[in-house]
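Chemist: Show me the folded form of this:
(4 chains)
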There are 4 protein chains.
Amino acid sequence: MRITVWNEAVNQVEDKNVSAVYPLGINPAIAEFLSKEKDFTVVQAVLADKECGLSEELLQKTDVLVWWGHRVHNEVSDEAVKRVCQHVLKGMGIIFLHSSHLAKPFVSLLGTSCTLGWSENDYSERVYTIDPTHPIAAGVPLDFKIPKEEMYCEPFDIPTPDQLIFIGGFSNSAVFRAGCCYKRGYGNIFYFQPGHETYPVYYQPEIQRIIINAIRWAYSPLRREEIACVHVVE
Amino acid sequence: MRITVWNEAVNQVEDKNVSAVYPLGINPAIAEFLSKEKDFTVVQAVLADKECGLSEELLQKTDVLVWWGHRVHNEVSDEAVKRVCQHVLKGMGIIFLHSSHLAKPFVSLLGTSCTLGWSENDYSERVYTIDPTHPIAAGVPLDFKIPKEEMYCEPFDIPTPDQLIFIGGFSNSAVFRAGCCYKRGYGNIFYFQPGHETYPVYYQPEIQRIIINAIRWAYSPLRREEIACVHVVE
Amino acid sequence: MRITVWNEAVNQVEDKNVSAVYPLGINPAIAEFLSKEKDFTVVQAVLADKECGLSEELLQKTDVLVWWGHRVHNEVSDEAVKRVCQHVLKGMGIIFLHSSHLAKPFVSLLGTSCTLGWSENDYSERVYTIDPTHPIAAGVPLDFKIPKEEMYCEPFDIPTPDQLIFIGGFSNSAVFRAGCCYKRGYGNIFYFQPGHETYPVYYQPEIQRIIINAIRWAYSPLRREEIACVHVVE
Amino acid sequence: MRITVWNEAVNQVEDKNVSAVYPLGINPAIAEFLSKEKDFTVVQAVLADKECGLSEELLQKTDVLVWWGHRVHNEVSDEAVKRVCQHVLKGMGIIFLHSSHLAKPFVSLLGTSCTLGWSENDYSERVYTIDPTHPIAAGVPLDFKIPKEEMYCEPFDIPTPDQLIFIGGFSNSAVFRAGCCYKRGYGNIFYFQPGHETYPVYYQPEIQRIIINAIRWAYSPLRREEIACVHVVE
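Modeler: Numbering: from 1, shown residues only, chains lettered A, B, ... in the order given. A predicted model of the protein is given here:
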């Protein structure tokens, strides 16, 4: 399984609040725990790479794309976004993490504004497993804590998820649909909320388990060559 | 619109913790605010009435049934439960409140165990409107607080709701799918979590608004006389 | 309720196959039966109008937009499409008819290719009501026939509908999800398959009933002024 | 994977119309093609066995139960039905075939009447794959024909499926949701319509592929010991 881990990778090493947690940036931290899965071949890509790190060549060799963006969503070119969306519709899986709810491909694939509630203050979060037998929840406890996380809250302006797997509850009583599955064309999409850049969320084993499970769930061996009318002669 | 408000009405007046909040019991409190709707004709029924307060005659005159039970779910006879379920399948709306998640007709119509997480301690709750344009959310704020409420938490063992309207978040970070819509046959079903007997939840205007909206949503002018195979001759 | 009936209106009067059925084009035929609803104020707009017939001014005065397009989807400007989608997200209802499954706003709001199966031959169709108590099915028989219609068939590359109301079956055994509901942001969306330009489908009372019902269902009194993050201070 | 193939097995060998197609009855025919899967351990059970062929001991050793019934649904004891449903809620998968839409466990788990439209005449059927990337559709063509099959048609009185995988279209233009997924508690449920006793449907490779896929999809390694409230102390 060929995984491409993409990140905007802007000001993460320079920002001491981020580098104190992720010295090399977020992307290497995610790539590292994914690389421990024996059947995963993990490639890293960043916005600064040619064609925004999302070239046709790379996407053709990608089974599942993991996306983390925050500050510079708009710097991803429309051509790159279109390529990503077309590959999803043809069967590439895609995982959107945390602030990627405003990433252009996410908004484009879902069709809503994807805005949400937010606070200046951070809180502890408890993640509840709503759908314990879903493959993405395999080996995940029925609930687990994140000591500190940026608070996102409802209403989250998304289409009704095809499956809702996790709901997050914050210590200020805020709630958020934290783990949502969609299918668009032949492609599986998973959004997962935890993962603020200044907290060590991606080192938590439950978080790593969920992302690994989500990649396996999103992977599909079936690809369409063409997205076009099926002409039925008879 | 003919509303029947049903309650087990067991030990509510006798229990000082309850009667301090609802001096006449919960049923009259609910009936009272419903009666202010000009097009609602509200009838009260309780378990102690003949045929468990759920006679064929009464159900035939009921457009929407509002159900509150807690301690004596098993004292509702199987015959009464069957009558209720048949009327729902034929088009009667039904609203299950709070601890009625274990009411026999709810469990029977949904097919799961309908169990949930629970705590000995009560907490404050914030109810979030997930689906702000659903008729049940009309005039309801995007979130509102309940100062104190019994804590219910996920996983709630229910089928995936047809529509999820509200999620509750508690001050201990617990979350719960607080407002869930289902359709079974020709009948609309709404479950709503707030409403513990020792807290003045049913006096809150947001709660009253939601229950009134839910009744209007659940009401259907269409009734089936028979639940049977449609024989297509051609 | 302010309804805008929009049509590409290209080559309909000139094409004898179309004008034999709809002498003035399709748009006037739809507007005519809608105008009989006493609470509907119906306005017609076409692609040839300024700003593609979809000006900001007109959209602000539109509660529900009815869309029919076929041959020149790409001639609708991206600016007009963006305006339409933004109004849907803010609360305007929208009905997409027949070949409008490839209309730019439909594809943009749904996020998939919206392609489908198709045949050179036309067949008779029987439309089945899957969800008889849905408001869009009010007064619609459990099934009804269309003597001749262009054949669309599955797979229809759309997201899973929030509600599936009708399925069409053709005399060559083809099937198609003919009536599909979605919500995007504050806006309700309904797609309805029958309506080929060379058959008198829009004169059938069942079809008229469904479109009128769909407009009433899609109408929402609730509009968002802004589509943006809700900043929760606390 | 331990599969139990259950059949009412009443009057199948005696009825020449059935035995002409399935000389030993339907159950052995289904068991035979399942037994070719190397990781399947297949056991047959019938209504005439002790405890209706659904003993606690057998169910505890069953990962997925395949059910075919038609004429004598009511002869399955309520105790056996309750055992089956409890095992499903704890995590046993279950596949209901054809006329098993009126099997007691199906009706009990779904909560509706599960009635459908029907005709005295049989027709050819074309099965369309609505969700081509679902595991149950793996290796299944986008559509395939069944030369002759009993006609079932909508409306099918079921809850909205969690996933709709197949729709059947008959040569009389009737349509039917032919392949429907549900989850109840920890158990996966699949209903599949084709399979009338007088036609050689279960010999078709597409049908066999779908049933095998459905068993793999329904299988879950996760079982609950108890179906009860989770007491959260904190």
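
Chemist: Skipping adjacent residues, who's closest to residue A:227 in space?
Modeler: Spatial nearest neighbour of residue A:227, chain neighbours left out: residue C:113 (4.3 Å); criterion: CB to CB, 6 or more residues apart in numbering or on different chains. To be clear about C-beta, it is placed using only N, CA and C from the backbone, and glycine gets the same treatment.

Chemist: can you map out the helices along chain A?
Modeler: Using DSSP state H, the helices of chain A run over A:16-19, A:26-35, A:56-60, A:78-90, A:104-110, A:205-218.

Chemist: hmm, the fourth one in reach of chain C?
Modeler: If I follow you right, that is helix A:78-90. Yes: remark: helix A:78-90 sits within contact range of chain C at A:85, A:89, by CB under 8 Å from any CB of the partner chain.

Chemist: Quick one: list the elements packing against that helix.
Modeler: With contacts taken as 3 or more CB pairs under 8 Å, 6 or more residues apart in numbering or on different chains; DSSP states H and E, helix A:78-90 sits against helix A:56-60, helix A:104-110, strand A:187-192.

Chemist: Can you lay out these as a markdown table showing mean pLDDT, distance to chain C and mean neighbour count?
Modeler: What follows is those, written out as a markdown table (pLDDT from 0 to 100; distance: least, CB to the nearest CB, whole Å; neighbours: other CB atoms under 10 Å in any protein chain shown):
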| stretch | mean pLDDT | distance to chain C | mean neighbour count |
| --- | --- | --- | --- |
| helix A:56-60 | 98 | 17 | 15 |
| helix A:104-110 | 98 | 4 | 23 |
| strand A:187-192 | 98 | 9 | 25 |
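
Chemist: Using a markdown table, lay out these together with distance to chain D.
Modeler: Shown next, in a markdown table, are the helices and strands packed on helix A:78-90 (distance: least, CB to the nearest CB, whole Å):
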| stretch | distance to chain D |
| --- | --- |
| helix A:56-60 | 18 |
| helix A:104-110 | 15 |
| strand A:187-192 | 8 |
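
Chemist: can I get those in JSON lines with distance to residue A:121?
Modeler: Output for those, formatted as JSON lines (distance: least, CB to CB, whole Å):
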{"stretch": "helix A:56-60", "distance to residue A:121": "38"}
{"stretch": "helix A:104-110", "distance to residue A:121": "25"}
{"stretch": "strand A:187-192", "distance to residue A:121": "22"}
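
Chemist: of all those, which lies closest to residue C:210?
Modeler: Evaluated over the helices and strands packed on helix A:78-90, closeness to residue C:210 peaks at helix A:104-110, with 27.3 Å, by CB to CB.

Chemist: what sits up against that closest one?
Modeler: For helix A:104-110, the surrounding residues in contact (CB atoms under 8 Å, 6 or more residues apart in numbering or on different chains) are A:67, A:73-74, A:76, A:78, A:81, A:84-85, A:88, A:94, A:96, A:100, A:113-114, A:158-159, A:182, A:184, A:189, A:191, C:111.

Chemist: What subset of those residues is buried?
Modeler: A:67, A:73, A:76, A:81, A:84-85, A:88, A:94, A:96, A:100, A:113-114, A:158-159, A:182, A:184, A:189, A:191, C:111 (16 or more other CB atoms under 10 Å in any protein chain shown).

Chemist: one step back: I'd guessed the residue nearest to residue A:227 sits against residue C:156; true?
Modeler: No: at 10.0 Å, residue C:113 does not count as touching residue C:156 under the criterion of CB atoms under 8 Å.

Chemist: for the residue most central in space within chain A, what are its contacts?
Modeler: By CA atoms, centre = their mean, chain A has its centre lying nearest to residue A:96, at 1.8 Å. Neighbouring residues of residue A:96 by CB under 8 Å, 6+ apart: A:67, A:103, A:105-106, A:189-192.

Chemist: Let me know the closest of the residues you listed to chain B.
Modeler: The closest of the contacts of residue A:96 to chain B turns out to be residue A:191 (CB to the nearest CB; 15.0 Å).

Chemist: Next to chain C in this structure, residues from chain A, please.
Modeler: Counting by CB under 8 Å from any CB, chain A comes close to chain C at A:85, A:89, A:108-113, A:115-121, A:151, A:153, A:155, A:157, A:159-160, A:162, A:172, A:174, A:182-185, A:227-234.

Chemist: Could you tell me the phi and psi values at the residue nearest to residue A:227?
Modeler: Main-chain dihedrals, residue C:113, degrees, to the nearest 10: phi -80, psi -20.

Chemist: strand partners of the lengthiest strand in chain A, parallel vs antiparallel please.
Modeler: What stands out as the longest strand in chain A, according to DSSP state E, is strand A:117-129. Its sheet considered, strand A:117-129 pairs with strand A:143-153 (antiparallel), strand A:163-170 (antiparallel), strand C:230-231 (parallel) by DSSP bridges.

Chemist: which parts of the second one are buried?
Modeler: Meaning strand A:163-170. Neighbour counts using 16+ other CB under 10 Å place A:163-170 of strand A:163-170 among the buried residues.

Chemist: any idea of the angle it forms with strand A:187-192?
Modeler: Using axes from the mean of the first three to the mean of the last three CA atoms, to 10 degrees, the direction of strand A:163-170 lies 10 degrees away from that of strand A:187-192.

Chemist: So what touches strand A:163-170?
Modeler: A:123-131, A:134, A:136-137, A:149, A:151-153, A:175-181, A:192-194, A:210, B:154, B:160, B:164, B:167, B:169-170, B:173-175, B:177.

Chemist: swap in stretch A:65-76?
Modeler: A:3-8, A:10-11, A:26-27, A:30, A:34, A:47, A:52, A:54, A:59, A:84, A:87, A:92-100, A:102-106, A:195, A:197, A:211, A:215.
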